[in-house]
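> Need a 3D model of the sequence below.
(one chain, ligands or ions: 3)
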Amino acid sequence: MRGPVLILVGPPGSGKSTVGRLVAERLGVPFRDFDADLQREQGMETGELVVQLGRERFQEVERETLVRVLPEHTGVLALGGGTPTAPGVPELLEPFHVVFLDVELEHLLRREGLVPLHPWLLPNPRAHLRKLLAERRPVYTAVADAVVPTSGRAPEEVAEDVLATLTTSNEHQAG
Ligand SMILES: Nc1ncnc2c1ncn2[C@@H]1O[C@H](COP(=O)(O)OP(=O)(O)OP(=O)(O)O)[C@@H](O)[C@H]1O
Ligand SMILES: O=C(O)C1=C[C@@H](O)[C@@H](O)[C@H](O)C1
Ligand SMILES: [Mg+2]
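Ligands and ions are numbered 1, 2, ... in the order given. Now for the predicted structure:
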């Protein structure tokens, strides 16, 4: 099957881009960031796109773009934080190895650059993120083959665990 060897999902700031790059490097495959695909095609940062288009239209654009670009990605793909919640997206992810990078609210709030990148979190990022985590955890879990906790752990440690899920999954398929 053509498509990514690994797809990372999780809330904004969970480490999809950071960990995704490390894992891709270790596997010797390319890393792709779905937010960068959207930004290139739409000519605007995705955080700004959510504000301009509204969430509903943004999610339609996400699904349409994902259908087109999934077969082009052969390496590690980091999805946008909200991509798995877009209608029709969980079905598209089913054939692939998906890992959910989980993070606790307090750890998330300490991570750098979160709010400037995601202006739709304003005016109350803490309350917005608390609600977002509660609503999305079941969705991320449902689309994922494995969950890797990231709170209080260095990206390198997280990357090791993500790599281990690939080995386990290969053994499973082989057996
Ligand atoms: N395990 C970690 N521990 C502490 N900080 C981390 C960890 N993983 C990532 N970070 C930091 O948190 C910030 C967000 O990480 P990153 O951009 O990889 O998240 P993301 O899931 O790709 O978010 P987005 O949805 O915004 O693209 C970065 O400043 C990064 O250095
Ligand atoms: O969690 C979200 O809803 C988002 C996360 C980002 O990756 C971007 O895709 C956009 O800012 C929306
Ligand atoms: Mg990212």
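
> Find me the pLDDT at Pro119, would you?
You'll see Pro119 listed with a pLDDT of 82.

> Please shift the residue numbers so they start at 604 in all later answers.
Got it, the first residue is 604 from now on, which makes the last one we talked about Pro722.

> Now it. Nearest residue, chain neighbours left out?
Nearest residue to Pro722 in three dimensions, chain neighbours excluded: Gly650, at 5.4 Å (C-beta to C-beta, 6 or more residues apart in numbering). Every C-beta, even on glycine, is put in place using the N, C-alpha and C of the backbone.

> Just the element for that neighbour, please.
Using DSSP states H and E, Gly650 sits in helix 649-656.

> now that helix, how far from the centre of its chain.
Computed by C-alpha atoms, centre = their mean, to the nearest Å, the separation of helix 649-656 from the middle of its chain amounts to 17 Å.

> cool, stretch 660-676 as well?
13 Å.

> Close to ligand 2: what parts of the protein are there?
615, 638, 649-650, 653, 683-685, 721 (C-beta under 6 Å from any ligand atom).

> who wins for neighbours among those?
For the residues of the chain next to ligand 2, the largest number of neighbours (other C-beta atoms under 10 Å) sits with Gly683, at 27 neighbours.

> Need the phi and psi values for that residue.
Backbone torsions of Gly683, given as degrees, to the nearest 10, read phi -70, psi 160.

> Now do the strands in the chain.
Along the chain, counting by DSSP state E, strands occupy 609-612, 634-636, 679-681, 701-705, 749-752.

> between these, which one is nearest to ligand 1?
Proximity to ligand 1 (C-beta to the nearest ligand atom) singles out strand 679-681 among the strands of the chain, at 5.7 Å.
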